[in-house]
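Asker: got a structure for you, letters missing:
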């Protein structure tokens with residue numbers, strides 16, 4: 001006699017099949033160990049962008065097979081989930097889905113017998129606790145503590161448990177007092193399938209900030225290379241033209257070519273040389289206009305000097321003065337290397 005399948009199971013399989021067959025991304029998350037209240041908050045935060053459907057593994061397998069998907073893929077996803085749940089999104093790609101689900105992760109205190117996910121290290125330093133019996137409780141679980149300046153302090157950085165080792169309830173409680181909650185809960189994405197491609201969670205965990213930095217550095221280097229290679233484009237043309245203009249002006253000045261661009265520079269240079277020469281002559285050899293011009297220059301130098309001294313606040317030491325003399329301004333060549 002063939003056992004009759006409950007009608008609700010058939011309906012549930014049909015629902016799961018429809019979800020799995022829908023366009024978008026389908027994934028499996030592990031919700032094991034997530035308290036009911038936390039689960040409600042997590043689902044609420046994902047409302048409208050991610051649909052979650054919980055069912056028994058047997059029903060998931062049936063629906064997965066009826067949807068025409070590879071059961072081998074499902075078994076791979078099941079391997080990393082103690083309590084699997086199907087998630088689906090038609091508005092996010094697999095990477096965005098991973099990021100949204102990653103936001104739900106949070107730590108909780110370790111319970112008796114739970115395995116440490118990583119090496120758990122307690123840093124040295126003071127705590128917020130006043131002297132009391134906690135000192136003995138910390139030491140009892142292998143966390144070296146003592147009284148220091150009116151507070152309980154951890155004497156030295158200590159690894160209290162290695163990755164994969166079981167933890168005691170007492171250790172979990174004391175770690176929680178120090179703000180260390182090693183057990184991660186949340187909607188942990190095991191993997192996702194997008195356009196027929198199975199993507200494990202490790203492949204979806206991108207360092208977005210690092211990627212942005214790498215792109216910025218690569219863009220800067222590419223721009224510099226293009227400029228140095230004289231590669232003309234919409235980005236490099238303004239820079240190359242500005243550089244060519246500057247270099248041609250410098251050549252024209254050195255060659256003594258007078259035009260609309262260089263005439264002003266020649267006049268300024270001649271005036272500067274004239275003022276430098278006049279400053280070395282006796283005042284009786286200067287007319288009133290030149291004397292007034294020199295006086296204006298001297299006043300400007302004095303004001304600039306006083307302003308510099310005022311900004312400095314304290315006089316420079318002999319060592320600083322000697323350093324300034326040694327690294328003094330040597331002309332336009334110093335500005336442009």
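Answerer: Noted; the coordinates are in hand. From a predicted model like this one, the values you see are computed outputs, not experimental measurements.
Asker: would you mark the buried spots in stretch 160-176?
Answerer: For stretch 160-176, a neighbour-count test (16 or more other C-beta atoms under 10 Å) marks 160-161, 167-168, 171-172, 174-175 as buried. Any C-beta I mention is one placed from the backbone N, CA and C, and that applies to glycine too.
Asker: now the end-to-end length of it.
Answerer: End-to-end distance for stretch 160-176, by C-alpha to C-alpha, to the nearest Å: 13 Å.
Asker: give me the contacts around that stretch.
Answerer: Residues outside stretch 160-176 that contact it (C-beta atoms under 8 Å, 6 or more residues apart in numbering): 109-122, 137-138, 140-143, 181-182.
Asker: cross the residues you listed against helices and list the overlap.
Answerer: Of the positions in those, 137-138, 140 sit in helices, assigned by DSSP state H.
Asker: give me the buried subset of the residues you listed.
Answerer: In those, the ones that pass as buried (16+ other C-beta under 10 Å) are 137-138.
Asker: helix or strand next in line after the helix or strand harbouring residue 172, which one?
Answerer: Residue 172 belongs to helix 169-177 when assigned by DSSP states H and E. The element immediately downstream of helix 169-177 (helix or strand, assigned by DSSP H and E) is strand 183-185.
Asker: and that next one, which residues are buried?
Answerer: Using 16+ other C-beta under 10 Å as the test for burial, strand 183-185 gives 183, 185.
Asker: residue 45 versus residue 132, what's the distance?
Answerer: Plainly put, residue 132 is 39 Å away from residue 45 if you go by C-beta to C-beta, to the nearest Å.
Asker: circling back to that earlier point, pLDDT on the helix holding residue 172, on average?
Answerer: On average, the pLDDT along helix 169-177 is 93.
Asker: same question, stretch 89-101
Answerer: Across stretch 89-101, the average pLDDT comes to 92.
Asker: do the same with stretch 221-238
Answerer: If you average the pLDDT over stretch 221-238, you get 92.
Asker: flag every buried residue along it.
Answerer: Buried-residue list, stretch 221-238, by 16+ other C-beta under 10 Å: 226-227, 236.
Asker: and if you look at stretch 78-94?
Answerer: Judged by neighbour count (16+ other C-beta under 10 Å), stretch 78-94 contains these buried residues: 78, 80-81, 84-89, 92-94.
Asker: that one spans what distance, first to last residue?
Answerer: 18 Å.
Asker: who's in contact with that stretch?
Answerer: Outside stretch 78-94, the residues within contact range by C-beta under 8 Å, 6+ apart are 16, 19-20, 22-33, 49-55, 57, 60, 77, 96-97, 100-101, 187-192, 194, 199, 201, 204.
Asker: could you turn the buried ones of those into a PyMOL selection?
Answerer: Restricted to buried positions by 16+ other C-beta under 10 Å, the PyMOL selection for the contacts of stretch 78-94 reads:
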select buried, resi 16+19+20+24+25+26+27+28+29+30+31+33+50+51+52+55+60+77+97+100+101+187+188+189+190+191+192+194+199+201+204
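Asker: mind checking which of the contacts of stretch 78-94 land in helices?
Answerer: Per DSSP H, the subset of the contacts of stretch 78-94 in helices is 16, 19-20, 57, 60, 77, 96-97, 100-101, 201, 204.
Asker: related to what we said a few turns ago, need the buried residues of stretch 221-238 in CSV with distance to residue 284 and secondary structure, can you?
Answerer: Shown next, in CSV, are the buried residues of stretch 221-238 (distance: C-beta to C-beta, whole Å; DSSP: H, G, I helix; E, B strand; the rest coil):
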residue, distance to residue 284, secondary structure
226, 61, helix
227, 56, helix
236, 59, coil
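Asker: helix or strand: which one has residue 160?
Answerer: Using DSSP H and E, residue 160 falls in strand 158-161.
Asker: how far out from the middle of the chain is that strand?
Answerer: 29 Å (C-alpha atoms, centre = their mean, to the nearest Å).
Asker: what does stretch 227-247 give?
Answerer: 33 Å.
Asker: for it, which outside residues touch it?
Answerer: Applying C-beta under 8 Å, 6+ apart, the set of residues contacting stretch 227-247 from outside is 223, 225-226.
Asker: next one: stretch 189-199
Answerer: By C-beta under 8 Å, 6+ apart, stretch 189-199 touches 24-30, 69, 73, 76-77, 79-81, 84, 87, 93-94, 97-98, 101-102, 200-201, 204.
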